[in-house]
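Engineer: Below are the sequence and a predicted model for it; my questions follow.
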Amino acid sequence: MPAPIDLEPDVSVADAYSYDYFDAAIADLADLLKNETQDDFIVSLQDTISDIFSSSTIFSLAHCHDILLRFIQQPETMRPVSTDNLSLLTSVLKDLEIVGMTNKDARELDGILRRPHLRMIMDAHQSIATREYAEDQLPIGYLPDAAQPLPDISSPSYMFPGSMAALPPKMIGFESTGEEHLGITVKLNEMGDLEIKRIVQGGLIDKQGLLHVGDIIKEINGEIVNTPEELQEKLRNARGAVTFKVVPNYFDSPSASQVYVRTHFAYDPAKDKLIPAKEAGLAFGEGDILQILSQDDVHWWQARHVKDLSLKGLIPSQYLEERRKAFVAPENDFAKTSLVCGLIDRRKKKRMLFNVKNSSMFDKGDICLYQEVARMPPFARKCLILIGAKGVGRRTLKTRLINLDPNRFGTTKPHTSRSLRNDEEFQAYLQMDRNEMEDEIESGAFLEHGEYGEHLYGTKFESVQRVIQSGKMCVLDLVPEALKLICNKEFMPYVVFIKAANLDYLRYKQQNEKAKYSKMQTKSTMGNNSSLNLSSKDVEQVVLESDTLERDYHAYFDLTLVAEDIDRTFEQLVRAVEALSAEPQWVNVQWFS
């Protein structure tokens with residue numbers, strides 16, 4: 001066993017903070033142990049205590065303890081630089097959220113400042129600086145002359161070291177006009193206390209940063225409140241300075257959410273009959289990018305716009321919006337007793353067996369509301385997919401794009417079971433035996449396939465991969481049912497929907513251009529705008545098909561271009577493809593998971 005270490009404080013340490021109660025306590029303990037019989041137990045105890053008090057951490061804590069004593073006993077000699085560091089920290093964190101979107105160091109600093117240990121230090125500093133403490137919370141040694149009896153550890157009121165004591169109430173004040181939305185919701189917890197359930201991002205309370213989820217509200221302006229209704233009534237009548245008496249509930253603060261979604265529907269809280277407070281809602285359009293700040297509530301998420309971080313509020317959760325848009329059987333309804341009303345639809349459902357050959361019919365029934373995305377630096381996509389109704393000019397755009405830069409853009413050769421003619425042997429198609437082609441279709445080797453004139457036609461995944469491996473962007477005009485097969489991280493497509501113009505515009509343009517080209521109606525002049533080759537009934541069918549495609553498959557589209565003029569549409573398509581290599585992109589988060 002090693003020789004016991006002398007427990008008397010080191011001279012340099014004692015000089016650093018002499019005449020302090022902590023050093024005196026160490027000296028008294030050393031004298032006490034020296035006067036005891038030096039048996040194995042005492043020697044072992046000396047070794048243990050020596051190890052503890054030799055720690056630099058203990059000396060640092062002792063130093064903080066003594067400085068605190070000096071501050072309490074001689075406050076005029078030590079004054080805090082600031083008494084409102086929590087508000088300063090909240091302001092810094094809000095700035096770091098914005099800067100952190102593009103700066104790695106800012107994100108790291110944001111993570112450090114959100115750690116619970118640092119928050120507790122800031123809370124302690126503010127309590128000391130503002131002297132918000134009672135005598136029973138003062139440091140040991142503050143009243144050295146008072147006789148302090150040893151605690152009775154058998155007493156039910158004795159609290160062992162390390163156990164959590166109830167935190168004292170604190171007073172929180174703010175200015176109110178009685179009209180603004182505070183941005184908090186409360187509930188009665190199991191103890192009957194009025195507990196803060198949620199703090200809405202961007203609200204008055206959130207901006208102040210002094211209240212937290214889980215805090216217990218005891219009084220408002222000196223009057224006790226016991227129910228949410230009482231609190232609401234007193235706040236409605238409050239004017240000027242409003243003071244809350246709150247019992248804080250400190251817990252690990254979650255770091256800022258890094259969940260971003262692309263919305264696939266438009267939302268206006270002013271028209272929502274279910275939202276708790278319309279002014280707390282966040283409006284958005286289809287295709288907007290939102291940052292999800294909180295998903296704690298099953299019905300309402302907190303979010304903000306990425307383009308304008310000041311726009312925050314409540315949005316319907318995936319669960320709530322799905323229930324609004326889908327049928328829910330009564331026996332599967334788990335929200336019948338919820339305060340949220342109007343969610344139950346008791347209409348009978350149509351039961352159908354799933355058939356893989358008709359899976360496209362079921363794909364249209366998918367409800368895609370929010371798609372989780374990630375912001376990525378500029379990069380070239382592997383595929384460019386053109387989707388649209390027949391007659392909008394998809395193949396014309398595809399051909400013009402490939403001819404624009406054959407070294408950059410390429411496409412696949414479809415396979416067919418038809419025997420090739422001599423003039424197309426090395427051009428349009430790749431010939432396969434029908435039985436072999438049917439086997440490969442069955443095994444999933446084809447991205448899309450169909451039958452025309454008793455012959456099979458299709459595009460193989462292997463053909464797409466071959467174009468990508470050559471270093472080119474593969475340009476494809478696919479049937480929309482193929483989107484679910486190619487929209488993944490293997491192919492990383494950029495999907496452009498070529499939308500038909502509205503019916504009135506197409507009729508007007510068709511009449512004008514037919515009159516203009518009445519004397520030269522050749523295929524070469526009419527081929528640049530395929531709508532000229534269509535009858536009035538066909539034009540109506542094109543618009544109807546285009547609307548149907550947009551409704552059923554809009555969740556896959558990265559860009560929508562209206563095909564009013566083929567030249568203008570081509571220019572827009574080229575600019576969009578060029579932007580992929582120059583601007584950051586929001587893409588499906590699963591592509592990089």
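Structural biologist: Right, received. Where do you want to start?
Engineer: Residue 282 against residue 315, yeah?
Structural biologist: Yes. Counting by C-beta atoms under 8 Å, residue 315 is a contact partner of residue 282 at 5.3 Å. C-beta: built from backbone N, CA, C; applies to glycine.
Engineer: Give me the distance between residue 433 and residue 368.
Structural biologist: For residue 433, the distance to residue 368 equals 39 Å [C-beta to C-beta, to the nearest Å].
Engineer: So for these two, which residue has more residues nearby?
Structural biologist: When neighbours are counted by other C-beta atoms under 10 Å, residue 368 comes out ahead of the other of residue 433 and residue 368, with 13 against 9.
Engineer: quick revisit: now for residue 282 and residue 315: what residues contact both?
Structural biologist: Residues within reach of residue 282 and of residue 315 at once, by C-beta atoms under 8 Å, 6 or more residues apart in numbering, are 267, 290, 303.
Engineer: Make sure I have this right: the last one is in a strand.
Structural biologist: Right, residue 303. Yes. If the criterion is DSSP: H, G, I helix; E, B strand; the rest coil, then residue 303 is within a strand.
Engineer: Assign a three-state SS to the closest residue to it other than its chain neighbours, would you?
Structural biologist: Take residue 303 and drop its neighbours on the chain: the residue closest to it by C-beta to C-beta, 6 or more residues apart in numbering is residue 290, 4.4 Å away. Following three-state DSSP, the label given to residue 290 is strand.
Engineer: In contact with residue 290, which residues?
Structural biologist: By C-beta under 8 Å, 6+ apart, the contact set of residue 290 is 260-261, 263, 282, 284, 303-306, 315, 370.
Engineer: Please report which of these has the highest neighbour count.
Structural biologist: The most crowded member of the contacts of residue 290 is residue 303, carrying 27 neighbours; neighbours defined as other C-beta under 10 Å.
Engineer: what sits against residue 549?
Structural biologist: Taking C-beta under 8 Å, 6+ apart as the definition of contact, the neighbours of residue 549 are 387-389, 480, 497.
Engineer: Kindly report the same for residue 25.
Structural biologist: Under the criterion of C-beta under 8 Å, 6+ apart, residue 25 has no neighbours.
Engineer: Is it located within a helix, as I assumed?
Structural biologist: Yes. Residue 25: assigned to a helix according to three-state DSSP.
Engineer: which residues of the stretch 251-400 of the chain fall in strands?
Structural biologist: Secondary structure of the stretch 251-400 of the chain, counting by DSSP state E, counting those that start in this stretch: strands at 259-263, 289-294, 300-305, 312-316, 370-376, 383-388.
Engineer: Take these and lay them out in CSV including mean pLDDT and distance to residue 220.
Structural biologist: As requested, the strands of the stretch 251-400 of the chain are exported to CSV (pLDDT from 0 to 100; distance: least, C-beta to C-beta, whole Å):
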stretch, mean pLDDT, distance to residue 220
strand 259-263, 92, 35
strand 289-294, 91, 25
strand 300-305, 91, 24
strand 312-316, 92, 24
strand 370-376, 90, 37
strand 383-388, 95, 58
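Engineer: so what's residue 85 up against?
Structural biologist: 122, 125-126, 129.
Engineer: between those, which is nearest residue 36?
Structural biologist: Closest approach to residue 36 among the contacts of residue 85 (C-beta to C-beta): residue 125, at 40.8 Å.
Engineer: so which helix or strand takes in the closest one?
Structural biologist: Remark: residue 125 resides in helix 116-129, with elements defined by DSSP states H and E.
Engineer: could you point out which element follows that helix?
Structural biologist: Following helix 116-129 in sequence order, the next helix or strand is strand 170-176 (DSSP H and E).
Engineer: Pairing partners for the helix or strand immediately after that next one in the chain, with directions?
Structural biologist: Once the chain leaves strand 170-176, the next helix or strand it forms, by DSSP H and E, is strand 184-188. Here strand 184-188 has these sheet partners by DSSP bridges: strand 194-199 (antiparallel).
Engineer: Okay, buried residues for the strand it pairs with please.
Structural biologist: 194-199 (16 or more other C-beta atoms under 10 Å).
Engineer: gap between it and the chain center?
Structural biologist: 22 Å (C-alpha atoms, centre = their mean, to the nearest Å).
Engineer: For the residue nearest to the spatial centre of the chain, which non-adjacent residue is spatially closest?
Structural biologist: With distances taken as C-alpha atoms, centre = their mean, the chain has residue 259 as the residue nearest its mean C-alpha position (2.0 Å). The shortest distance from residue 259 to any residue other than its chain neighbours is 4.3 Å, reached at residue 292 (C-beta to C-beta, 6+ apart).
Engineer: okay, the shared contacts of residue 282 and residue 315 in TSV with distance to residue 85 next?
Structural biologist: TSV is the format used below for these (distance: C-beta to C-beta, whole Å):
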residue	distance to residue 85
267	38
290	31
303	29
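Engineer: Just give me the closest of the residues you listed to residue 173.
Structural biologist: For residue 173, the closest of the shared contacts of residue 282 and residue 315 turns out to be residue 303, at 29.4 Å, with distances computed as C-beta to C-beta.
Engineer: Pretty sure the closest one sits against residue 293.
Structural biologist: Yes. In terms of C-beta under 8 Å, residue 303 counts as a neighbour of residue 293; the distance is 6.0 Å.
Engineer: mind showing which ranges of the stretch 251-400 of the chain have poor pLDDT?
Structural biologist: Applying pLDDT under 70 to the stretch 251-400 of the chain picks out residues 251-257, 327-366.
Engineer: For it, which segments are assigned as helices?
Structural biologist: Along the stretch 251-400 of the chain, counting by DSSP state H, counting those that start in this stretch, helices occupy 318-325, 359-363, 394-404.
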